[in-house]
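Asker: Sequence first, predicted model second:
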Amino acid sequence: MSRFWSPVVHSLSPYVPGEQPKQGGIVKLNTNENPYPPSPRVAPAIAAAVDRLRLYPDPRAQALREAIAAHYHVAPEEVFVGNGSDEVLAHSFQALLRHDAPLLFPDITYSFYPVWCGLYGIRYEEVPLDAAMRVQIADYRRPCSAILLPNPNAPTGIGLAREAIAALLAEHPDQLVVVDEAYVDFGAESAVPLVARHDNLLIVQTLSKSRALAGLRVGFAIGQRSLIEAPERVKDSFNSYPLDCLAIAGAVAAIEDDAWLQETRGRIIASRETLVRALNELGFEVPPSVANFVFARHPRRGGAQLAAELRERGVLVRHFRKRRIEDFLRITVGTEEQVSRLIAELRSLI
């Protein structure tokens, strides 16, 4: 550390992303990436945008906002875009979630949430999941400034019905509700249709997962205009150009190729069902997942040991050293071949 560090830097516990191995031959099921290439429309769209590299990109990314708006049946002014959903969420934390009362989110969830709270000085309370690892809306009936819920939750994969989100909004008309829908396309119900009736609802999504663009870094939020203006003001006070012209072009192409999305998500859902059946046959406890990953625990094998043994065999899964979930593994749903390889390795270990 340097003597020039600010007090906030001293206090930070940065987010630790999943391992990105350099060697080949690894079955990589640890970071919830899409196992399939993106829409075939993406590469030509990016190539066509190369001629514009000498120019600054559109700071509003209007073409992308319009494509997202058309897909989700909202107005372009109700869409905010950023450099991955992490940046969209980070700007939303700073713009909308810093108040006197605490922010509420689950105790087992995306581990970046507490990091942003530390970075922006936001007081928060973690609301425990129930014994079945589910969010219970009734547990959020407590004083707060805002509520943040990932749906489906990560790392559990469990989703909430849209009617549950609607009930939460009805119970908290004076608090902001942010729904992080990073994995919603794999079987959960999006809350976007509720935005028109609720000025306190902000939906955040990403193109990293279901549209296989993790390397392009594009995320977005949908909410009523009064909400969207807040992260826009933060963005324009930080970096007016978070998305380059290549990312905008590729993202528009991906959003507009709905047929590719439906086909690919169907393959991943089918592979998820195959994986869950095999894990159940091996004795694993697997909460019901509507994401592109599953959360699994074996009654006779510790999570850390099992993850290490799989790694020795060239298969990466994610293990979290955290109370309540230290015996679980989060396993990304890969291709049919990757799932078969994982199952074979587990059968030899269990």
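Answerer: Alright, I've got the coordinates. Numbering: from 1, shown residues only.

Asker: Tell me where the stretch 251-350 of the chain has strands.
Answerer: 293-297, 315-316, 318-319, 328-332 (DSSP state E, counting those that start in this stretch).

Asker: Go through those strands and pick out the most buried.
Answerer: Mean neighbours per residue, mean count of other CB atoms under 10 Å, is largest over the strands of the stretch 251-350 of the chain for strand 328-332, with a mean of 28. Every residue, glycine included, has its C-beta placed from N, CA and C.

Asker: Show me what that one pairs with in its sheet, parallel or antiparallel.
Answerer: If you go by DSSP bridges, strand 328-332 pairs up with strand 293-297 (antiparallel), strand 318-319 (antiparallel).

Asker: want to try a markdown table for these, with distance to Ala344 as columns?
Answerer: A markdown table is the format used below for the strands paired with strand 328-332 (distance: least, CB to CB, whole Å):
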| stretch | distance to Ala344 |
| --- | --- |
| strand 293-297 | 16 |
| strand 318-319 | 20 |
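
Asker: Make CSV out of those strands and add mean pLDDT and distance to Leu149.
Answerer: Formatted as CSV, the strands paired with strand 328-332 follow (pLDDT from 0 to 100; distance: least, CB to CB, whole Å):
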stretch, mean pLDDT, distance to Leu149
strand 293-297, 98, 17
strand 318-319, 96, 21
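
Asker: Verify the stated contact: Pro299 with Glu285.
Answerer: Yes: Pro299 is within contact range of Glu285, at 7.1 Å (criterion: CB atoms under 8 Å).

Asker: neighbour-wise, which of those two wins?
Answerer: Ranked by neighbour count (other CB atoms under 10 Å), Pro299 and Glu285 place Glu285 first, with 14 against 8.

Asker: Pull out the buried positions in stretch 252-260.
Answerer: Val252, Ala253, Ala254, Ile255, Glu256, Asp257, Trp260 (16 or more other CB atoms under 10 Å).

Asker: helices or strands up against the helix or strand of the chain with the lowest mean pLDDT?
Answerer: When the helices and strands of the chain are compared on mean pLDDT, DSSP states H and E, helix 7-11 comes out lowest with a mean of 89. Contact partners of helix 7-11 among helices and strands, from 3 or more CB pairs under 8 Å, 6 or more residues apart in numbering; DSSP states H and E: helix 112-120.

Asker: Report the mean confidence score over the helix it packs on.
Answerer: The average of the pLDDT scores along helix 112-120 is 95.

Asker: Can you list the neighbours in contact with the helix or strand following that helix?
Answerer: For helix 112-120, the succeeding helix or strand toward the C-terminus, using DSSP states H and E, is strand 124-127. Applying CB atoms under 8 Å, 6 or more residues apart in numbering, the external contacts of strand 124-127 come out as 102-107, 113-114, 117, 135, 139-140, 142, 144.

Asker: Next, the buried residues of strand 124-127.
Answerer: For strand 124-127, a neighbour-count test (16+ other CB under 10 Å) marks Tyr124, Val127 as buried.

Asker: Stretch 202-221 too?
Answerer: In stretch 202-221, counting by 16+ other CB under 10 Å, buried: 202-214, 216-221.

Asker: show me where the stretch 1-150 of the chain has strands.
Answerer: For the stretch 1-150 of the chain, applying DSSP E, counting those that start in this stretch gives strands covering 27-28, 79-82, 103-106, 124-127, 146-150.

Asker: from these, which stretch is densest packed?
Answerer: Comparing these by mean neighbour count (mean count of other CB under 10 Å), strand 79-82 ranks first with a mean of 26.

Asker: Return the list of helices and strands in contact with that strand.
Answerer: Counting by 3+ CB pairs under 8 Å, 6+ apart, the packing neighbours recorded for strand 79-82 are helix 62-72, helix 84-96, strand 219-223, helix 225-236.

Asker: still on that earlier bit, can the strands of the stretch 1-150 of the chain go into a markdown table with extra columns for distance to Arg233 and mean pLDDT?
Answerer: Converted to a markdown table, these look like this (distance: least, CB to CB, whole Å; pLDDT from 0 to 100):
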| stretch | distance to Arg233 | mean pLDDT |
| --- | --- | --- |
| strand 27-28 | 38 | 96 |
| strand 79-82 | 11 | 98 |
| strand 103-106 | 20 | 98 |
| strand 124-127 | 23 | 98 |
| strand 146-150 | 18 | 98 |
